[in-house]
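K.L.:
Based on what follows, work out the 3D shape:
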Amino acid sequence: MRLDLGAGIRREAGYVSVDVAASLEPDVVWDLERFPWPWDDASATEVRMLHVLEHLGQDPKVFLRIMGEVNRVLAPGGLFRVHVPHPRSDTYLGNYQHVRPVTQLMLQQFSRKHGFSPEIYSETGIDLEIVEVTNEPFPEWSRAVVEGRLTVVDLERAMHEQFNVVNEIRILMKKVVV
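P.N.:
Model prediction:
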């Protein structure tokens, strides 16, 4: 099973669409801040949250429960795909429904090997390792690199120092096989 959590109107073959809004007619109507989620342990080969995670878990305890549920329903080796707006972009800052910035560094805490919060593993057993991170710049920044007006090094520096350089962060995580 592959879960598309917070699917909204998005429907893609091979995914079970899940949303809190029954009016959107998802396969499963569910509030992702309600626990436990209605799927069995290790029942999903993939969980994806495309522009969803930044809307959830304003309370850190709730966010930790959400990550715990992702970990619980993922099969060993299963993939967790997250797309979020970059927290230093108007895309993130301009939406009143965004309650939590999500970054690579923040999600790295959920990896036993690469994280820096050992209490997460001891208290929850969550072990999700980052496999890939892609920063999607706004088109004008990408165009500047393609046209030679900006080097890749300059773009990377700007990504870390300026607002409205990166539009979206795409993070792929994998449940560590114990």
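
K.L.:
Which positions are bridged to the residue nearest to the spatial centre of the chain in the beta structure?
P.N.:
Among the residues of the chain, the one closest to the centroid is Val82, at 2.7 Å (CA atoms, centre = their mean). Beta-bridge pairing of Val82 under DSSP bridges involves Met49, Ile171.

K.L.:
Roughly how far does it sit from Val153?
P.N.:
27 Å (CB to CB, to the nearest Å). Glycine gets a C-beta too; all of them are placed from N, C-alpha and C.

K.L.:
the bottom helix or strand of this protein by mean pLDDT?
P.N.:
Of all helical and strand segments in the chain, the minimum by mean pLDDT, DSSP states H and E falls on helix 118-124, at a mean of 79.

K.L.:
Now the element after that helix, going C-ward?
P.N.:
Counting by DSSP states H and E, the next helix or strand C-terminal to helix 118-124 is strand 128-137.

K.L.:
What pairs with that following strand, parallel or antiparallel?
P.N.:
Using DSSP bridges, strand 128-137 pairs in its sheet with strand 166-175 (antiparallel).

K.L.:
Now do the buried residues in the strand it pairs with.
P.N.:
Using 16 or more other CB atoms under 10 Å as the test for burial, strand 166-175 gives Val166, Asn167, Glu168, Ile169, Ile171, Leu172, Met173, Lys174, Lys175.

K.L.:
try stretch 17-26
P.N.:
Those would be Ser17, Val18, Asp19, Val20, Pro26, for stretch 17-26 by 16+ other CB under 10 Å.

K.L.:
And for Thr91, the neighbour number?
P.N.:
19 (other CB atoms under 10 Å).

K.L.:
what pLDDT, on average, does stretch 102-110 get?
P.N.:
Mean pLDDT, computed over stretch 102-110, is 95.

K.L.:
can I get the CA coordinates of that stretch in CSV?
P.N.:
Presented in CSV, the C-alpha positions along stretch 102-110 are these (Å, rounded to 0.1, in the frame of the first residue of the first chain):
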residue,chain,number,x,y,z
VAL,A,102,10.1,21.8,7.9
THR,A,103,13.7,21.6,6.9
GLN,A,104,16.3,19.0,6.2
LEU,A,105,18.0,19.7,9.5
MET,A,106,14.8,19.2,11.4
LEU,A,107,13.9,15.9,9.8
GLN,A,108,17.5,14.7,10.2
GLN,A,109,16.7,14.5,14.0
PHE,A,110,14.5,11.4,13.2
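
K.L.:
List the buried residues in that stretch.
P.N.:
Buried residues in stretch 102-110 (16+ other CB under 10 Å): Val102, Leu107, Gln108, Gln109, Phe110.

K.L.:
what's the answer for stretch 127-142, then?
P.N.:
Buried, per 16+ other CB under 10 Å, within stretch 127-142: Asp127, Leu128, Glu129, Ile130, Asn135, Pro137, Phe138, Trp141.
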